[in-house]
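1. Structure, please.
(one chain, ligands or ions: 2)
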Amino acid sequence: MGEIISFGIQKGGVGKTTVTAISAFLLSRDSKVLAVDFDSQGNLTQFLTQRNIYDFTKHTILEAVKEQNPLPYIQPVSESLHILPAEDLLATFSRYVYQEYRGNPTTLLRETLAAVKDAYDYILIDLPPNLGDQTINALTASDYAVALLQTDPFCYDALDRYLETLQLVQQQTNPDLVLAGILTLMMDSRTTIDATILEQARKDYEDVVFRTVIRRRSRIKEFSLEGIRQRTKIDVEVLRPYEDFLKELKERVHQKG
Ligand SMILES: Nc1ncnc2c1ncn2[C@@H]1O[C@H](COP(=O)(O)OP(=O)(O)OP(=O)(O)O)[C@@H](O)[C@H]1O
Ligand SMILES: [Mg+2]
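-> Ligands and ions are numbered 1, 2, ... in the order given. Down below sits the predicted model:
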């Protein structure tokens, strides 16, 4: 049965979409993966398909949740990597949930993904940078949550609130949700403030913090423009921390059993 894993934090531009896209790509080498773009910016869609997000208008996750049927909207990126795309109109999700939908506003995504859960080994969900209805729906749909922490003081404060939100979801809508861990991103090893925040996170959250730290590498930014490549030595090298993270993630996911 597929494991549903969401990647989130209510801070913008910390690398959520990038880590979701690269993880989906790397996992799809030997597993069947569905990437779910649940952010109206559509960045995951653009990253993985290398197409304009408006090519997918009316064929997105929004239609899938409205019909509670993802099947007509799943697009293949490769044989083993599929995507449920998003574009701007996903911003109307909350309006739909409260004005038109008659069911439970928090379980819509979970019910939608239930139809395909068994068809994939991993379903990865990319979240928007806020704690709104999409985040609550995604956490309610997830088996595991990865919280992202950019080593920046603003992001550190947000992490606590994200973890509180996760606990609320565990109490109210998804008791089976497991915090897979906190992944630290884009640490600039030249600034002591970044090192201090990482140290603080390890002190406050101990083993919950993944051992792997994803550092800033300019090649990673190029992947979003030209697709993820693994041909040159540099490519292999910049992807290595993501591979290390996935190794740790798999250990934690399979531990639950
Ligand atoms: N390891 C990395 N090294 C260098 N640049 C990176 C890395 N990870 C992400 N970036 C770049 O940082 C920017 C923000 O990344 P990304 O879009 O993944 O963040 P996000 O958290 O999803 O943002 P948003 O909150 O807007 O959805 C992008 O330009 C991306 O290419
Ligand atoms: Mg993003």
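
2. what about residue 58, neighbour count?
-> Number of residues near residue 58 (other Cβ atoms under 10 Å) recorded here: 10. The way it works is simple: take the backbone N, C-alpha and C, and place the C-beta from them, glycine included.

3. any idea how far it is from ligand 2?
-> Distance of residue 58 to ligand 2, computed by Cβ to the ion, to the nearest Å: 22 Å.

4. residues contacting residue 217?
-> By Cβ atoms under 8 Å, 6 or more residues apart in numbering, the residues touching residue 217 are residue 238.

5. Just the pLDDT for it.
-> Looking at residue 217, its pLDDT is 93.

6. quick check, distance from the longest helix seen in the chain to the centre of its chain.
-> The longest helix of the chain (DSSP state H) is helix 233-256. Its chain's C-alpha centre and that of helix 233-256 lie 15 Å apart, by Cα atoms, centre = their mean, to the nearest Å.

7. neighbouring contacts of it?
-> Here helix 233-256 makes contact (Cβ under 8 Å, 6+ apart) with 3, 5, 19, 22-23, 26-27, 143-144, 146, 178, 180-181, 183, 210-215, 217, 219-220, 228-230.

8. Give me the subset of those lying in strands.
-> Mapping the contacts of helix 233-256 onto strands (DSSP state E) picks out 3, 5, 144, 146, 178, 180-181, 183, 210-215.

9. For ChimeraX, write a command that selects the buried ones of those residues.
-> Buried subset of those, written as a ChimeraX selection, criterion 16 or more other Cβ atoms under 10 Å:
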select :3,5,144,146,178,180,181,183,210,212,213,214,215
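
10. And the ones in strands among the contacts of helix 233-256, which is closest to residue 101?
-> residue 5 (25.0 Å; Cβ to Cβ).

11. So which residues on this protein come close to ligand 1?
-> Contact residues, the chain versus ligand 1 (Cβ under 6 Å from any ligand atom): 12-18, 39, 41, 43, 129, 186, 214, 216-217, 220-221, 224.

12. Which secondary structure state does the residue in the stretch 51-200 of the chain positioned nearest to ligand 1 sit in?
-> Nearest residue of the stretch 51-200 of the chain to ligand 1: residue 129, at 3.4 Å (Cβ to the nearest ligand atom). Three-state assignment for residue 129 (DSSP: H, G, I helix; E, B strand; the rest coil): coil.
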